[in-house]
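Asker: Quick one: sequence plus predicted model below, questions after.
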Amino acid sequence: MSAKPGGGAVPRVLHLQSTFAAGGKERRTVELINAFGRGLSHTIVSAEPERLDAAEGIAKGITVDLQPDFPSLKGAPLPGRLMKIAKAMKPFDLVLTYNWGAMDAVMAHTMFSDALGLPPLVHHEDGFDESELHKRKRRRTWYRRIALGKASGLVVPSETLEEIALVDWQQPLGRVKRIPNGIDTKAFAMPPKPEAFRLIKHKGEKWIGTLAGLRAVKNLPRLVRAFAQMREEWHLVILGEGTERAAIEAEIDRLEINHRVHLPGAVKDPSRVIGLFDIFALSSDSEQFPLSMIEAMAAGLPVVAPAVGDIDGIVAEENREFLSKPGNEDDLSVLMRALADNEAAQKQIGLANRNKAQAQFDRDKMIATYRRLYTSAMRREF
């Protein structure tokens, strides 16, 4: 991975991320960077400078400047600070911002774009952190309404977020772009490669697994508790890294199921290992259009998850009976055990999920849509 931004005729793209840990939106960003290849050069700035794990997935030969000297994305939204952020945007051809953690940069762009002649900006929203799970914060709602005033586009992956953007944030219809997440369904349909994974699946074991950033909103201690009553041959595998690892490990210790719950960390290429799972599970307080769940579907897995965001509409119809009431831990546990006890249902639902993923969520359509959006914003082909 090159350490210097590109020049000449190659458009320069600035990514301002709330975090660049290896979560769903970050892996989607990497997927797009790789798909666009050498047609763009990229500068990536994270509001959490220590969380840059997702960058490991960027293909060699693509020009990327990772976490250069750039004004902090955190702080009070005072005019002087916002002006510094705005000036730092000026050398680029396109600015891409992601989630609430980059909203000050969006505000800086709206305030100073005319005066400084700033490049176009496209903002991406994928959901809410734990502070806005149950009720939108009025201050943030008003801030978003104002900050997004001069954005060339507002990208959301789900119908739920699309409605919030149009109604609560009062964004014009032409600005809001709903682009469902897409993946390389062919890669996830391939048999998994156990040798690529440092955790061994022993004969007779069954795995229920998840892939997530270890953040509070994912509520993975809930998944541990829901799993605890499953039969002894079942193991829980949690792929990912994040700030909530200690809380998850504490719950595993409390329940004394360390021998059946594994946290091997983040994986560079989920397509090589997710097929080792027998069931995919989520326990999140909030989701919109979870990329990891689509990956599991493409791998032919049944899903147990709370019916939050667009999940009910994403899974195949056959899978819907295994979606729990949001926030209901007992319901989640009952459904996990019921599906674990029904191998025929696992196979039938897994096949239906794979068919739906291949038909509706393949990455080629997503990449083409993003390419059109970014090209239109820059008024420049790449």
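Answerer: Sure, I can see it.

Asker: gap between the nearest residue to Asp129 once chain neighbours are set aside and Arg354?
Answerer: In this structure, Asp129 finds its nearest non-sequential neighbour in Val217, 5.9 Å apart by CB to CB, 6 or more residues apart in numbering. (C-beta placed from N, C-alpha, C; glycine too.) Separation of Val217 from Arg354 (CB to CB, to the nearest Å): 27 Å.

Asker: so Arg139, which of the three states?
Answerer: helix (DSSP: H, G, I helix; E, B strand; the rest coil).

Asker: Count the neighbours of it for me.
Answerer: Neighbour count of Arg139, defined by other CB atoms under 10 Å: 8.

Asker: would you list every one of the strands in the stretch 201-350 of the chain?
Answerer: In the stretch 201-350 of the chain, the strands defined using DSSP state E, counting those that start in this stretch lie at 206-211, 234-239, 261-265, 279-281, 303-306, 323-324.

Asker: no wait, the stretch 1-150 of the chain
Answerer: If DSSP E, counting those that start in this stretch is used as the criterion, the strands of the stretch 1-150 of the chain fall at 12-17, 41-46, 64-66, 94-98, 121-124.

Asker: Please tabulate these in a markdown table, including the columns distance to Met297.
Answerer: Shown next, in a markdown table, are the strands of the stretch 1-150 of the chain (distance: least, CB to CB, whole Å):
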| stretch | distance to Met297 |
| --- | --- |
| strand 12-17 | 26 |
| strand 41-46 | 29 |
| strand 64-66 | 30 |
| strand 94-98 | 24 |
| strand 121-124 | 22 |
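
Asker: Nearest to Phe188, out of those?
Answerer: strand 121-124 (22.8 Å; CB to CB).

Asker: Please convert the strands of the stretch 1-150 of the chain to TSV, extending it with mean pLDDT, distance to Arg272 and mean neighbour count.
Answerer: Below are the strands of the stretch 1-150 of the chain laid out as TSV (pLDDT from 0 to 100; distance: least, CB to CB, whole Å; neighbours: other CB atoms under 10 Å):
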stretch	mean pLDDT	distance to Arg272	mean neighbour count
strand 12-17	98	25	25
strand 41-46	98	24	24
strand 64-66	97	23	20
strand 94-98	98	26	26
strand 121-124	98	27	25
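
Asker: and Gly300, how far is that from Asp312?
Answerer: 20 Å.

Asker: Same drill for those two, tell me which one is more crowded.
Answerer: Neighbour count, other CB under 10 Å: between Gly300 and Asp312, Gly300 has more, with 21 against 14.

Asker: That one contacts Phe277, correct?
Answerer: No - between Gly300 and Phe277 there is no contact under CB atoms under 8 Å: 10.0 Å.

Asker: Export the strands of the stretch 201-350 of the chain to JSON lines and append columns for distance to Phe92 and mean pLDDT.
Answerer: Below are the strands of the stretch 201-350 of the chain laid out as JSON lines (distance: least, CB to CB, whole Å; pLDDT from 0 to 100):
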{"stretch": "strand 206-211", "distance to Phe92": "32", "mean pLDDT": "97"}
{"stretch": "strand 234-239", "distance to Phe92": "33", "mean pLDDT": "97"}
{"stretch": "strand 261-265", "distance to Phe92": "33", "mean pLDDT": "95"}
{"stretch": "strand 279-281", "distance to Phe92": "38", "mean pLDDT": "98"}
{"stretch": "strand 303-306", "distance to Phe92": "38", "mean pLDDT": "98"}
{"stretch": "strand 323-324", "distance to Phe92": "42", "mean pLDDT": "98"}
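
Asker: Many thanks, we can stop here.
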